[in-house]
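Visitor: just need the structure, nothing else, for what follows:
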Amino acid sequence: MKIVCVCGFGMGSSLILKMSVEKAMTELGIPCDVEHWAAGTMHGMKHDIIVASEDMRDELTGRDNVVFVKNVINVSVVKAALRAHLEANGKL
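Guide: This is a model prediction of the structure:
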């Protein structure tokens with residue numbers, strides 16, 4: 001499974017989110033490849049899930065594979081959001 005963590009510039013919060021997603025997915029027992037990008041660079045790239053903070057909601061509206069998180073540092077929050085998305089899509 002390929003997961004992309006995005007933020008405005010692809011440097012700050014997306015990198016922190018990448019580390020949280022890797023920990024959360026490990027705890028869920030799901031192997032994945034996690035990258036972090038600027039939101040504007042992900043168009044045309046292949047990915048299964050996009051993970052972003054709530055402040056990116058307007059930019060990512062209309063996509064069905066986005067998981068929004070309220071706290072990019074809290075692994076439990078990220079894990080709960082990923083679990084809910086995976087369960088809703090029959091992948092967990």
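Visitor: for the host helix or strand of Lys18, packing partners?
Guide: Using DSSP states H and E, Lys18 sits in helix 13-28. On a contact count with 3 or more C-beta pairs under 8 Å, 6 or more residues apart in numbering; DSSP states H and E, helix 13-28 meets strand 2-7, strand 33-38, strand 49-53, helix 75-88. The way it works is simple: take the backbone N, C-alpha and C, and place the C-beta from them, glycine included.
Visitor: sheet partners, orientation included, of the shortest one?
Guide: In its sheet, strand 49-53 lies beside strand 2-7 (parallel), strand 66-69 (parallel), with partners assigned from DSSP bridges.
Visitor: quick check: mean pLDDT of the helix holding Lys18?
Guide: Helix 13-28 shows a mean pLDDT of 96.
Visitor: could you dump the helices and strands packed on helix 13-28 to CSV with mean neighbour count, mean pLDDT and distance to Asp64?
Guide: Output for the helices and strands packed on helix 13-28, formatted as CSV (neighbours: other C-beta atoms under 10 Å; pLDDT from 0 to 100; distance: least, C-beta to C-beta, whole Å):
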stretch, mean neighbour count, mean pLDDT, distance to Asp64
strand 2-7, 24, 94, 14
strand 33-38, 17, 93, 19
strand 49-53, 23, 95, 10
helix 75-88, 16, 96, 10
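Visitor: list the contacts of the residue most central in space within the chain.
Guide: Among the residues of the chain, the one closest to the centroid is Val51, at 1.8 Å (C-alpha atoms, centre = their mean). By C-beta atoms under 8 Å, 6 or more residues apart in numbering, the residues touching Val51 are 3-6, 17, 21, 66-69, 78, 81-82.
Visitor: let's have those in a markdown table, adding distance to Val34.
Guide: Below are the contacts of Val51 laid out as a markdown table (distance: C-beta to C-beta, whole Å):
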| residue | distance to Val34 |
| --- | --- |
| Ile3 | 5 |
| Val4 | 8 |
| Cys5 | 7 |
| Val6 | 11 |
| Leu17 | 9 |
| Val21 | 5 |
| Val66 | 15 |
| Val67 | 12 |
| Phe68 | 16 |
| Val69 | 14 |
| Val78 | 11 |
| Ala81 | 14 |
| Leu82 | 11 |
